[in-house]
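Participant: Sharing a sequence plus its predicted fold:
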Amino acid sequence: MGRRTRKRPDDGEAGIAKWTAIAKLGSEFFRYVPKWGSITAIAYFGSRSVESLAGRLTQADIAIGVSLASDLLRQERTFCLLAAGVGLGGIVYGKLQASLRKSEVARLAETNRRYERRKDPNRSSSGMTARGERPEGDE
Amino acid sequence: MNVDMEALFWTVMNLAAVATLWWLYFVGYRAYRRDKTRQALYRLRDELFDYWDAHGLDFDHRAYRTVRALLNGMIRSTNQLSITFVLLMIHGERRSSGNTAADEFAQALARSVECLPKTHRRQVLHTLKEAHRVVGEHLVRSALPTLIVDVATRIVRVGRSFFENLLYGAGRRRQWREMDAFMVRFGERDRVAT
């Protein structure tokens, strides 16, 4: 007598739908918790630091971790490090965005060029490169 | 109220800097990464269209329709794609032994691709492979821990390539020969001395 295989609850379309929903939920969780959790932590440490500066909290009231963060936040040296990070991050971000924009221009320009050339074989060109930059040697 | 104004000033400045860094990663970089992946997928879709057009192939061919539908799905779901999403989907796929959708899709794709002549088949498979590479890159670079590992690996690779070029680049061949000749003379002098 053949062994009967029992149908599992995860089988078939229902299983796919269930796991797609779980995957979406898990993905959203790991997307939003670090994002909003970190900004909440920044706000919390900031407010505790200001409160302790105003004398509303004594060292005894503050947990060791919060105290350490407050001390770090008050230092000029911390700002130098963070400012370097912001500056470097800003430059990298700007460069990446510019590169992305130029690539997108190149992709769209190519399609446009091909379409126009079909309609107008004598189509003239500004001579700019595909990425929207002036050609080399152009002054 | 007795407040240390200097400490307060640096606290505010530091908080502003941390908030800017937060924005750079969670808003700026994530949007950039999503757009970059979408752009790469659009480019692949355009290339496939151009190939089909240039070779006068039927746009209603099942292989073209299937790959285009797959690319469209990838483009649309880029904002949801993450390592967590993929790991959970793979886990779900393994648990649901009777999952027919994935098998059916794979079989339909294989059948439709097999109908094509060899050269065109190569193009379709290339597009699929590239699409998987683009999505894989997106998964690695859209999560902070894997992004850090990826950037560190790249820095190491660039550094290694720089030093390899410095030591063994085309211009170094002559210098190595000169040093070898010197070493030989040096060795021979030692032998005579002993």
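Facilitator: That came through fine.

Participant: what's around residue 33, how many residues?
Facilitator: In the absence of a named chain, this looks at chain A. Residue A:33 is flanked by 10 other residues according to other CB atoms under 10 Å in any protein chain shown. Yep, even glycine has a C-beta here, placed from its N, CA and C like the rest.

Participant: nope, chain B
Facilitator: 19.

Participant: again with the one 10 residues further on
Facilitator: When neighbours are defined as other CB under 10 Å, residue B:43 has 17 of them.

Participant: For the residue of chain B found nearest chain A, give me its contacts.
Facilitator: Nearest residue of chain B to chain A (CB to the nearest CB) works out as residue B:92 at 2.4 Å. Shown in contact with residue B:92 (CB atoms under 8 Å, 6 or more residues apart in numbering or on different chains): A:10, A:15-16, A:18-20, A:22-23.

Participant: What of residue B:20?
Facilitator: With CB under 8 Å, 6+ apart, residue B:20 has these contacts: A:86, A:90.

Participant: Find the helix or strand that it is a member of.
Facilitator: Per DSSP states H and E: residue B:20 is located in helix B:5-23.

Participant: Skip the chain neighbours and tell me the closest residue to residue A:129.
Facilitator: residue A:135 (5.8 Å; CB to CB, 6 or more residues apart in numbering or on different chains).

Participant: Point me to the residue of chain A nearest chain B.
Facilitator: Residue nearest to chain B within chain A: residue A:19 (2.4 Å; CB to the nearest CB).

Participant: got the phi/psi numbers for that residue?
Facilitator: Note on residue A:19: backbone dihedrals following degrees, to the nearest 10 are phi -70, psi -30.

Participant: Give me the distance between it and residue A:123.
Facilitator: 52 Å (CB to CB, to the nearest Å).

Participant: number of nearby residues for residue A:19?
Facilitator: If you count neighbours by other CB under 10 Å, residue A:19 ends up with 21.

Participant: Could you find the closest non-adjacent residue to it?
Facilitator: Counting by CB to CB, 6+ apart, residue A:19 lies nearest to residue B:92, which is 2.4 Å off, once chain neighbours are set aside.

Participant: element containing the one you found?
Facilitator: Assigned by DSSP H and E, residue B:92 falls in helix B:83-95.

Participant: Pull out the buried residues from stretch A:85-102.
Facilitator: Applying a neighbour-count criterion of 16 or more other CB atoms under 10 Å in any protein chain shown, one finds A:86, A:89, A:93, A:96-97 buried in stretch A:85-102.

Participant: okay, the angle between the biggest helix by length in chain A and helix B:5-23?
Facilitator: In chain A, taking DSSP state H as the definition, the longest helix is helix A:76-119. With axes from the mean of the first three to the mean of the last three CA atoms, to 10 degrees applied, the angle from helix A:76-119 to helix B:5-23 works out at 30 degrees.

Participant: list the helices and strands helix A:76-119 packs on?
Facilitator: If you count contacts as 3 or more CB pairs under 8 Å, 6 or more residues apart in numbering or on different chains; DSSP states H and E, helix A:76-119 packs onto helix B:5-23, helix B:30-54.

Participant: could you dump those to JSON lines with mean pLDDT?
Facilitator: Formatted as JSON lines, the helices and strands packed on helix A:76-119 follow (pLDDT from 0 to 100):
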{"stretch": "helix B:5-23", "mean pLDDT": "90"}
{"stretch": "helix B:30-54", "mean pLDDT": "94"}
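
Participant: Which pLDDT does the model give residue 135?
Facilitator: Chain wasn't specified; assuming chain A. Note for residue A:135: predicted pLDDT of 79.

Participant: right idea, wrong chain: chain B
Facilitator: Reading off the model, residue B:135 has pLDDT 95.
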